[in-house]
Structures are given as C-alpha cells and as structure tokens.
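Engineer: Only the shape, not the letters, is given here:
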C-alpha cells in the first residue's frame, strides 16, 4: 500500500496530532474539516468562496451523484473534478448512510444492499464492488467502503450482524479496489456503535484487510457522550498512528475538540452550512438565531473579532432583514460566516498542536463557546 | 439647482451620448444599467460580486423598504448605505409602480395615494411629500418623485388625469425637497404612455418645475415597439441635453440599444437577475434555457468567449445539474453570468460612443443576439 499519510506533529499531553494526507489532487493538512458538497457544490457557496475560506477538501455523495446526474454524465465530463470544476481534493461518501436513511424498503444480504431510490422508487441493487466502481468512475481522491449502518440504539445482536457484514464488504471492496491500479485512496469504515467488543472487532477486521485510512461510522447519532468518548479513546489505542482517522458526520465543535484530543484527523458535517441556511450562526459567545426580533436594529457584526467577509461588512440588523425577506444572499452570507467559523477553528487547532498547546487551546475555546448549538 | 450631469461624448450619427452623473457616493458613467436590489441586495449576489461585475449603482425600492424593515431601522443604522453596507451610488424608486401593481384597493386623490400593504393589508396613505421624506431618510443618492402609474392600455382620458396628478405631485415633491438642503438628487418621472400630447405635457410640466434628471415612466409594458420608438424620439427632442434621461424598468437588450440611440442615459431592470434564477441565460448566440435535457452533457461554457467567473469555470452540464438539484449556487452562478452579460454590453456601449461608432456597434450586437428573450 502506498504511503499517503504523514504525522507532522504530536501533542505531548494528548493523542492530538497534525498530519498531511497526500491525495492525487494535493495535500490535506490535518486535523481537517471537509465541508459537505453532496451534489457537487457546497450549498450556497461558489467554489472560489469555499477555497477562499480555506477549505482543503469537499465531500461529495456517491449515492446522490449515482442517481443524478448519473455516472455517464460525470464520466463524459472526465470525472467529478472536471464535472464540477473543483481542482482540489474530493472525498466521496460510499452512500451507505444515505441508503439506510433516505431509502424506503432497504434489504441487506451478504451479496449487497437492495433499496428504492428516494426520488422515483426505482429498485436498485448495489454490491460493495459496485460502490468501489462508482467511486472509481467519479475519480474522487478518497473513496469510502460500503458499510452496513444501523441507527442508534440498535440491539447488540443486530449490530453484531452489521459489523460482520461491514467487514465482509470491506474485504470485497479492497479486493475490487486492488484489481486495477489507481492513485485514489481507499478508506474503510468501522461500525459497532458504542459496543466496544463489536467496534474492536470491526476495527481489527479493517486493520487486517488494510486501508489508507480508518473511519468510525455510526457515531454522533444519539449515543451518550461518555460512551462516545470511551469508544474514541479505545479506538485511538487500537488504530495505528501512521494512518488517518475519520470520525464521520460529527460536527459539534465540542465533540470535535474531544475527538481531536483522541487522535481523530478528519471530520465532515453539514452543521455549519445547514444551520447557516436556517439562520443559526455560530459565534465565540454562543449561537445567534438571526431572525430574532432583538437583532432587528443591532448594528454589531455577527461575531465581533471575526475576520470573515460577512462580519467585516454587515450588521446583524441587515442579516436579519435578508433572512426575513428570504433573500438568497441571506444563505450565502450566513454560510460564509459559519464555514469560516469552522475552518478558522481547525486552523487554530492545527497551530495549537504544532506549538504543543492543544489542551490549553481546547480549554480556551470551550470557555468561549458557552452555549453550543445542539 | 446643482450641476450633477456632464455629457462627455456625443455620437455624431445619433443622440447616443456618454456622460457622468455626480452623486454623493460617486460618479455613474452613462449609459448605465442599474441592477435591481429592491430589498437592499441584488438577488443571489453579495455586494463584492456586484461591484466586481462592474455595477456602478443599485436600485432599491422605497415601497418595500418602507414596509420592511421600516424607516426607523434604516435611520438608526445611519441610512441605507450604512444599513446595507453598499458604499457606492444608490437610486431609489419612489414605489409608485409597486403601489399600483402590488397593492389591492389603491385610491388616488390629489392629496396622495391610499393603498393596502401587500403584506398584511394595513391601509397606508402616502402623499408625494411623504415619499420625498422617505427617500430623504433612506439617504439614497438619486430620489424619484411619486408618480401616478397606469397599466397599458389605459383610456386617454384616464391617462390625461394621471398626467395631471403626476405633474401636481412632482411640483409638491420638488417643493418638499427644496425645504431642506441635501446632497441628494431628485429626478422627476413623466407619464402619458405613448399618447404624445400627454407625454409632452408631462415632460413640459417637469421641465418647468426643474429636476436633476428626467425619467420616462409607464413604458415597456406592452405598447407597440414603433410607438415606443416614436415616444423616445420625440422625448429626445424635447428634453434638455444637459440632464440625464432614465427609461424606467426597460430591460431587453434590443430596446436598450434603441433607447441609447435616442439619447437615454440610465436603465434598470430585473430581467438579467430574474431570468438567471429561472434558468434562462443570455448569450451572444441567443438565450439558453439551462434545464433543457440537451445541455445534460454539454461541456461548453454558457457563452463561449464570455469572461465571467461562471463561463470561465463551469460547463452547461454542471449548471444544468445545479439548476435541476435546486442548488442555491445555481441562482448565484447564473446571476453572475447574466449580470456580467448586461454590464459588459453597457461598457461596450460607452466605449463605442466614445469612439464615435455606436451605430456600428449596435448593428453588430443586434446581428449577434439573434434570439432575444421576450
């Protein structure tokens, strides 16, 4: 397996580290946050804005792109980078989560998963090999294996089944991946919720198969925080230091700070972009619900001291006005702010690790962000 | 009256001319196109994009801003420029058109106009003096008088009445405007549709009162093109050369080209921005309806040779995908293109007049744009 990850600094008081993921379209400095661009665009932002905010990578969704515009269109364009004109790294989710959460009538067998398109009900059957092929056609920099995702809470016996299936599929994904040479990376997804013996089994299976990176799936979906932290800590001890770890879909800053401390390198979440569109803005003094009447004549920026375009130029009063008028620019300006808020924190996380002061930074930020949006 | 307009070049074969309108927030080079920003934002674009596209001025709507967020909020922010953070010239429509087109139960008397808010039905009474006061509070660079707008076609007798009322109100607007010194400009609006004797009466009344600029209202709403051209030609002969002329709401490029030839200096229209949001894109080879299946795998830019961000970076196939997915970025990228298309043509109009080749340019552009969107 090619070497695609390099640890560049290790915090001495925790498992936090910085690193570089080498992809066909460039390097991702970790810990990294990937904005979500399911359909090939970060919602409300044009690519130049996403790049300007410091995003190093975006996450597209295999499930959505497979359904529409379809692989033929993307292949004819020369792959996903050419189709959407994003020259930097792209990671693709396998679509597992979407299949289980959006589709009615999901039927899982060891062979693969049968589901109905959430658009028109068409029955679709995908084997783990197909999902590798789809992502090969997309040409994303980082591909994810098809996993078997269960909601929280699920019975242990059912979860044990899901882990077995996930491991079987991971093995077949790897085999398919190895059939043809590619510069793309393949990351495996572990399941098992917070049942440690199941999560351990899942991770050990993945390690035995061998991947360029290891994801923790099925977390951040309602399990108790203490159980999450325990799982992260144990996974940290089990996972090799020389591979990147990805905590899928986890987006609350307080959870991210904890996960970084436990050695997690990679994150994605719709939280900053989705909240922006519904008018919830992150600040270092807690959240702001911009439609509130109290902001109607508030001339202050959203977050004092924030360097983003929105805060440098516009008042809460104007942003409230745009939100109330349902102007498209409301979504744009709010998304610029929220995404800046996230990416700026990630830059500071990396800086603090490099100066060996991550724990200090974490406490400082936790104290600042009093009223986290949940 | 202060001198706020300077003709900088006169085409020798037509009435087309270039000029400079001096406003409190800077100079507007004419012929100029003002994007519409009714609520204080050009729909789908943030200000930096609007400026980057070369817009010199935006048009806000007194009627909408008066209703929401209300004058108190804007006054407390320090005026419209501060409230919306747009440091360049702003023109405000008096709201006449909106009152007559959006409000149920409009009642006009010589005293003013009584109407119901289109939002909650509240009965509102506005005198022409109130409309001056509203725009004084907004602090827009160019204020428009309250006029009496009638749809096309309207009976001549009714139109005669509307012209009389418009003149009466214009006189009272001017008197109110003169009560307090301001650096703001006041432009008068003429009515009379394509009844030349009424239009002439209206213009002559305005000229007698005296304004910083003269608008032709109530045109481009369905009257025959030949009648419009005749009205423009006669108005051109009647209006002084040393004042700017504004053809309100007129947005088809072919009409704009004709109007510039007849000495019109200023335009505004929702056409480029509204069409962008519904997926109709202007090109030098005619319009493109981006949702059409035939663009699904079309790797060409919207308009070959176009220098806008959208055309420089994205394919028709991707823009169709974004439109079909109802992504916000579809509206953004389409608006960037359409507004660039308009503002670029206006820049070329000014260049061609300055090089005394306007008619040549007009024929060239008319030949190019074969299939104008109507």
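Structural biologist: On my side now, so go ahead. Source: prediction; values computed, not measured. Numbering: from 1, shown residues only, chains lettered A, B, ... in the order given.

Engineer: for chain A, what helix or strand is lowest in average pLDDT?
Structural biologist: The helix or strand with the lowest mean pLDDT-type score in chain A, counting by mean pLDDT, DSSP states H and E, is helix A:96-102 (a mean of 85).

Engineer: any idea which helix or strand comes after it?
Structural biologist: strand A:107-109 (DSSP states H and E).

Engineer: Partner strands of that following strand, with direction?
Structural biologist: strand A:112-116 (antiparallel) (DSSP bridges).

Engineer: Any idea how many residues pack against the residue lying closest to residue A:25 once chain neighbours are set aside?
Structural biologist: Among residues not flanking residue A:25 along the chain, residue A:89 sits closest, at 4.8 Å (C-beta to C-beta, 6 or more residues apart in numbering or on different chains). The way it works is simple: take the backbone N, C-alpha and C, and place the C-beta from them, glycine included. Residue A:89 is flanked by 25 other residues according to other C-beta atoms under 10 Å in any protein chain shown.

Engineer: any idea how far residue A:95 is from residue A:89?
Structural biologist: 19 Å (C-beta to C-beta, to the nearest Å).

Engineer: With residue A:86 instead?
Structural biologist: Per C-beta to C-beta, residue A:86 is found 19 Å from residue A:95.

Engineer: between the two, who's got more neighbours?
Structural biologist: Taking neighbours as other C-beta under 10 Å, residue A:86 and residue A:95 compare with residue A:95 leading, 26 against 23.

Engineer: check which helix or strand covers the closest residue to the more buried one other than its chain neighbours.
Structural biologist: Distances taken as C-beta to C-beta, 6+ apart place residue A:63 nearest to residue A:95, at 3.0 Å, with adjacent residues excluded. Following DSSP H and E, one finds residue A:63 within helix A:62-67.

Engineer: next one: that helix to chain centre, how far?
Structural biologist: Its chain's average C-alpha position is 17 Å from that of helix A:62-67, according to C-alpha atoms, centre = their mean, to the nearest Å.

Engineer: do the same with stretch A:333-342
Structural biologist: Distance, centroid of stretch A:333-342 to centroid of chain: 16 Å (C-alpha atoms, centre = their mean).

Engineer: Could you check it against chain B for contacts?
Structural biologist: Yes. Remark: stretch A:333-342 sits within contact range of chain B at A:333, A:336, by C-beta under 8 Å from any C-beta of the partner chain.

Engineer: Show the contacting residues for the most centrally placed residue in chain A.
Structural biologist: Nearest residue to the geometric centre of chain A (C-alpha atoms, centre = their mean): residue A:268, 1.8 Å. Counting by C-beta atoms under 8 Å, 6 or more residues apart in numbering or on different chains, residue A:268 touches A:33-36, A:59, A:91, A:248-249, A:251.

Engineer: how much space is there between it and residue B:102?
Structural biologist: From residue A:268 to residue B:102 the distance is 44 Å (C-beta to C-beta).

Engineer: Run through the residues of the stretch 1-150 of chain A sitting next to chain B.
Structural biologist: Near chain B, when you scan the stretch 1-150 of chain A using C-beta under 8 Å from any C-beta, you find A:39-48, A:68-69, A:72-73, A:76-77, A:83-85.

Engineer: doesn't residue A:364 fall inside a helix?
Structural biologist: Yes. Under DSSP: H, G, I helix; E, B strand; the rest coil, residue A:364 falls within a helix.

Engineer: Check the gap between it and residue A:272 for me.
Structural biologist: Distance of residue A:364 to residue A:272, computed by C-beta to C-beta: 20 Å.

Engineer: Between those two, which is the more surrounded one?
Structural biologist: residue A:272 (26 against 13).

Engineer: one step back: which secondary structure elements does the helix holding residue A:63 contact?
Structural biologist: In this structure, helix A:62-67 packs against strand A:90-93, helix A:96-102, helix A:128-138, with contacts taken as 3 or more C-beta pairs under 8 Å, 6 or more residues apart in numbering or on different chains; DSSP states H and E.

Engineer: if we go to 10 Å?
Structural biologist: Applying 3 or more C-beta pairs under 10 Å, 6 or more residues apart in numbering or on different chains; DSSP states H and E, we find helix A:62-67 packed against helix A:71-77, helix A:80-84, strand A:90-93, helix A:96-102, strand A:123-126, helix A:128-138.

Engineer: need the contact list for the spatially closest residue to residue A:210 that is not a sequence neighbour.
Structural biologist: Leaving aside its chain neighbours, residue A:210 sits nearest to residue A:1 (5.9 Å; criterion: C-beta to C-beta, 6+ apart). When contacts are counted by C-beta atoms under 10 Å, 6 or more residues apart in numbering or on different chains, residue A:1 touches A:174, A:178, A:185-186, A:210-212, A:243.

Engineer: what's the pLDDT at residue A:1?
Structural biologist: Per-residue confidence (pLDDT) for residue A:1: 78.

Engineer: cool, and residue A:229?
Structural biologist: Residue A:229 carries a pLDDT value of 97.

Engineer: State the distance from the closest residue to it other than its chain neighbours to residue B:316.
Structural biologist: Nearest residue to residue A:229 in three dimensions, chain neighbours excluded: residue A:258, at 6.0 Å (C-beta to C-beta, 6+ apart). Residue A:258 sits 45 Å away from residue B:316, taking C-beta to C-beta as the criterion.

Engineer: Residue A:294 too?
Structural biologist: Residue A:294 sits at a distance of 45 Å from residue B:316 (criterion: C-beta to C-beta).

Engineer: Tell me which of these two has more neighbours.
Structural biologist: Neighbours per residue (other C-beta under 10 Å) separate residue A:294 from residue B:316, with residue B:316 holding more: 22 against 10.
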